[in-house]
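Peer 1: Sequence first, predicted coordinates after that:
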Amino acid sequence: MSARNSKMKKGFFISFEGGEGTGKSTQVRLLANKLTERGSLVHITREPGGTELSEKIRNILKTSSNVDPITEMLLMFAARREHFIKSIYPLLKQGYVIICDRFYDSSLVYQGILKNIPIEQIMQLKEITLKSFEPDFTVILDLPPSIAKERIQHRQLYLDDYDMMSENEYNIIRNGFRKISEAFPFRCKIINASGDEKKVSSRVYKAVKRFIPEIEGRPL
């Protein structure tokens, strides 16, 4: 059941997925700006993160090396549960469009496909923490690993373990998100993330409008 079809809310939940260096944060911001200009109440958030406790868990994950995959998965879903009940759920009931930089699809790819945790175990945690909740729409930004790695190398930021992955691992993640789009075609759209950020933003917005045509012009 998607967030939009649930009786619990009036808003919309849009997630952005993709490998490192695909431009998720930039495209989240650009989509938020467009929807705000058109009259929507918009809230930007991220995972792990989104609440005080979830941000603390994010900091642990970002500053720790060689974390056991199951430990990492449990921490991710602890942060996700806190995020969902303290931020996502209340804002959806208020009619917000929530745009989230990563959601549970990232766990399926990073902890599941990349780190070989059985998908069934991850989905059990998803059921415990989120029940039947699903994004209304998921944007999957797709970029060749060579370009993604080049972008990351130009960042003037701290690089974590995921930023430093091999090109083969980047390929595994890229193909993992493609599998996600095949598994959930009713809510997922792969977007070419190559080129100018404004062109990518236009592709994203057209896809959002096609999947959620009522996102504009609705009473707030």
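Peer 2: All right, it came through fine. Quantities reported herein were computed from a predicted structural model and do not represent experimental measurements.

Peer 1: Low-confidence ranges, the protein, go.
Peer 2: Where the chain drops to pLDDT under 70, the residues are 1-9, 154-164, 216-220.

Peer 1: Please repeat the previous calculation with a cut-off of 80.
Peer 2: 1-9, 148-149, 151-165, 216-220 (pLDDT under 80).

Peer 1: Go through this structure and flag its longest helix.
Peer 2: Ranked by residue count under DSSP state H, the longest helix found in the chain is helix 167-183.

Peer 1: Can you tell me what sits against the next helix or strand after that helix?
Peer 2: Toward the C-terminus, helix 167-183 is succeeded by strand 188-192 as the next helix or strand (DSSP states H and E). With contact meaning Cβ atoms under 8 Å, 6 or more residues apart in numbering, strand 188-192 is reached by 105, 137-142, 177-178, 180-181, 200, 203-204, 207, 211. From N, CA and C alone the C-beta is placed, and that goes for glycine too.

Peer 1: Looks to me like Phe16 is in a strand.
Peer 2: Yes: Phe16: assigned to a strand according to DSSP: H, G, I helix; E, B strand; the rest coil.

Peer 1: Quick one: residues contacting it.
Peer 2: Each residue near Phe16 by Cβ under 8 Å, 6+ apart is listed here: Lys24, Gln27, Val28, Ile99, Cys100, Asp101, Arg102, Thr138, Val139, Leu141.

Peer 1: If we use 6 Å, what do you get?
Peer 2: Neighbour list for Phe16: Lys24, Val28, Asp101, Val139 [criterion: Cβ atoms under 6 Å, 6 or more residues apart in numbering].

Peer 1: Select from those residues the one having the most neighbours.
Peer 2: Val139 (27 neighbours; other Cβ atoms under 10 Å).

Peer 1: what's the one helix or strand that residue maps to packed up against?
Peer 2: Taking DSSP H and E as the definition, one finds Val139 inside strand 137-142. The contact analysis (3 or more Cβ pairs under 6 Å, 6 or more residues apart in numbering; DSSP states H and E) places strand 137-142 against strand 12-18, strand 188-192.

Peer 1: quick check, nearest of the contacts of strand 188-192 to Leu125?
Peer 2: Of all these, Leu125 sits closest to Asp105, with 13.4 Å by Cβ to Cβ.

Peer 1: Show me the contacts of Phe16 that map onto helices.
Peer 2: Short answer: the contacts of Phe16 in helices (DSSP H) are Lys24, Val28.

Peer 1: next structured bit after the host helix or strand of Asn59?
Peer 2: Assigned by DSSP H and E, Asn59 belongs to helix 52-63. Where DSSP H and E defines the elements, the next helix or strand beyond helix 52-63 is helix 69-83.
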